[in-house]
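J.: model the following, please.
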Amino acid sequence: MQRIEVKVKLKPGAKLPFYATDGSVGADLYAYLEEPVELKPMERYMVPTGVSIELPPGYEAQIRPRSGLAAKYGITTLNSPGTIDWDYRGEIKVILINLGNESFIIEPGMRIAQMIVAPVVIAEFTVVDSLSDTRRGEGGFGHSGTR
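T.: Residues are numbered from 1 along each chain as shown. A predicted model of the protein is given here:
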């Protein structure tokens, strides 16, 4: 397990991202709201966290859904995983959507998503006339069946 320093700037009253257990890979992000927000079925809402970060070059932060919210209420994140580039310094906001059948209340201070910090590889793209052959070839979506 590798550890890196991530600098964090918090708005007044915002909560620091937090790893819930020693084995947690995702740090919880919290809703930075003054009052509850109702999220009706099929509605989406960009939830502020009050958190801005400074990642080291060569790293990204990924924003992912919380499995409990998804399983129990149908609440998930759009643009998932969301990517925070190492040079972004603005507030982290999480786009939640209610895929459930009932309204859901986002409470101030509620854990709404998790953030994973990971190293990245930057590709150097080279234009060529052809690509190598493989068994799969150009087989796309569903080409291998379901069994």
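
J.: can you pull the pLDDT of the most centrally placed residue in the chain?
T.: Here the mean C-alpha position of the chain is nearest to the C-alpha of residue 63 (C-alpha atoms, centre = their mean), at a distance of 1.2 Å. pLDDT recorded at residue 63 is 98.

J.: what is the burial count for the closest residue to it other than its chain neighbours?
T.: In this structure, residue 63 finds its nearest non-sequential neighbour in residue 82, 3.8 Å apart by C-beta to C-beta, 6 or more residues apart in numbering. Glycine gets a C-beta too; all of them are placed from N, C-alpha and C. The tally of other residues near residue 82 (other C-beta atoms under 10 Å) stands at 17.

J.: repeat for residue 110
T.: Around residue 110 there are 17 other residues, counting by other C-beta under 10 Å.

J.: which non-adjacent residue is nearest it?
T.: In this structure, residue 110 finds its nearest non-sequential neighbour in residue 31, 4.8 Å apart by C-beta to C-beta, 6+ apart.

J.: for this protein, which strand is longest?
T.: Using DSSP state E to assign secondary structure, the strand with the most residues in the chain is strand 44-54.

J.: for that one, packing partners?
T.: The elements that strand 44-54 packs onto, with contact taken as 3 or more C-beta pairs under 8 Å, 6 or more residues apart in numbering; DSSP states H and E, are strand 7-10, strand 27-30, strand 37-39, strand 91-98.
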